[in-house]
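Peer 1: Task: produce atomic coordinates for the following.
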Amino acid sequence: MSAGGPLLVVDTATTVAVVALGTPGGALLEARGWVAGYRHGEELLTRIEGLLRDHGLAPGDLGGLIVGTGPGAFTGLRVGIATVKGLAYALGLPVAGRSTGESLLAAAVEATGTNHVALIQPAGPSDLVLSRADQVPRIVVGGAELGLEPGERLAAVDLGGRAPDEAVALGDIARAGLARRLLSAGALTLQDGGGDDLARLVPEYVTLPRGVLAQPPDDGVAVTDDVARHPAAGAQASR
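Peer 2: Next comes the predicted model:
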């Protein structure tokens, strides 16, 4: 670990994976995204290595890590958070986990100039997860009304063909600002040597493998407003 070194940002909550570098003060140096679909693990480490190499950096030059925690699908989030946890253990780096949804919302708010924005993402083939600032994300069953408030703008991510074109366009703008928003939020946590407890750094899943939700709470699965948090998943994957 390099005190005062650059920060690495990783987000795998959507079908477009993101890696980025920024300063300890939260200024974005470069962000790179690629269409990962649901195969985030195939390229993530290679993309991280390439970004560091192109900036003349080794992993040991980093000063901290920031990772998006979702909401998102099981495979992508598990890969991203497990990778970041593995780097944190190996390099002795502090980590800040920040909500992908909140960061997307912040980018959409900046683009529209209004705080009245709702974000939707897919939760399986027909359901949606709806996020609003300062609210717990909730599942909207396929075909049900979103319950948008008067004048509320809608941003849709990974929902081409399933959401209005205007909402998809705003979602694309929000995703373009995701890395910068994650960086600025995570940098505040990492200042003065701060960071999150890795054991408590958990993903916000919107889809889980069949049968996982049926497990009792003692097995480490909790459900809040239909968005599941699995405390053990990231730690197990990073071992």
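Peer 1: where does the residue of the chain most remote from its centre fall, helix, sheet strand or coil?
Peer 2: Computed with Cα atoms, centre = their mean, the maximum C-alpha offset from the centroid of the chain is found at residue 150, amounting to 28.1 Å. When classified by DSSP: H, G, I helix; E, B strand; the rest coil, residue 150 comes out as coil.
Peer 1: now it: how far from residue 116?
Peer 2: 9 Å (Cβ to Cβ, to the nearest Å). Quick note: C-beta positions are derived from backbone N, CA and C, even for glycine.
Peer 1: Check residue 82 too.
Peer 2: 36 Å.
Peer 1: Those two: which is more packed in?
Peer 2: residue 82 (22 against 14; other Cβ atoms under 10 Å).
Peer 1: Which of the three states applies to that one?
Peer 2: helix.
Peer 1: tell me, what residue is most central in this structure?
Peer 2: The chain has residue 68 as the residue nearest its centroid, 2.7 Å off, counting by Cα atoms, centre = their mean.
Peer 1: so how far is residue 92 from the closest residue to that residue other than its chain neighbours?
Peer 2: Closest residue in space to residue 68, ignoring its immediate chain neighbours: residue 11 at 3.4 Å, by Cβ to Cβ, 6 or more residues apart in numbering. Distance of residue 11 to residue 92, given as Cβ to Cβ: 22 Å.
Peer 1: Compare these two (neighbour count), which wins?
Peer 2: Higher neighbour count among residue 11 and residue 92: residue 11, with 32 against 9, using other Cβ under 10 Å.
Peer 1: is residue 72 in a bridge, and if so with what?
Peer 2: Counting by DSSP bridges, residue 72 forms beta bridges with residue 205.
Peer 1: And the residue farthest from the centre of the chain, its phi and psi?
Peer 2: When read as degrees, to the nearest 10, the backbone of residue 150 gives phi -60, psi 130.
Peer 1: give the contact list for it.
Peer 2: Residues in contact with residue 150 (Cβ atoms under 8 Å, 6 or more residues apart in numbering): none are found.
Peer 1: try 10 Å this time
Peer 2: residue 116 (Cβ atoms under 10 Å, 6 or more residues apart in numbering).
Peer 1: ok, now residue 65?
Peer 2: So residue 65 contacts 7-10, 83-85, 87-88, 91, 93-97, 186, 190, 195-196 (Cβ under 10 Å, 6+ apart).
Peer 1: Residue 21 contacts residue 31, correct?
Peer 2: Yes. Residue 21 is within contact range of residue 31, at 8.0 Å (criterion: Cβ atoms under 10 Å).
Peer 1: Common neighbours of the two, please.
Peer 2: Shared contacts of residue 21 and residue 31 (Cβ under 10 Å, 6+ apart): 9, 51, 179, 183.
Peer 1: Next, count neighbours for the closest residue to residue 160 other than its chain neighbours.
Peer 2: Spatially, and ignoring its direct neighbours in sequence, residue 160 is nearest to residue 168 (5.5 Å; Cβ to Cβ, 6+ apart). Using other Cβ under 10 Å, residue 168 is surrounded by 18 other residues.
Peer 1: average pLDDT across the helix or strand where residue 168 lies?
Peer 2: Assigned by DSSP states H and E, residue 168 belongs to helix 165-176. For helix 165-176, the mean per-residue pLDDT is 98.
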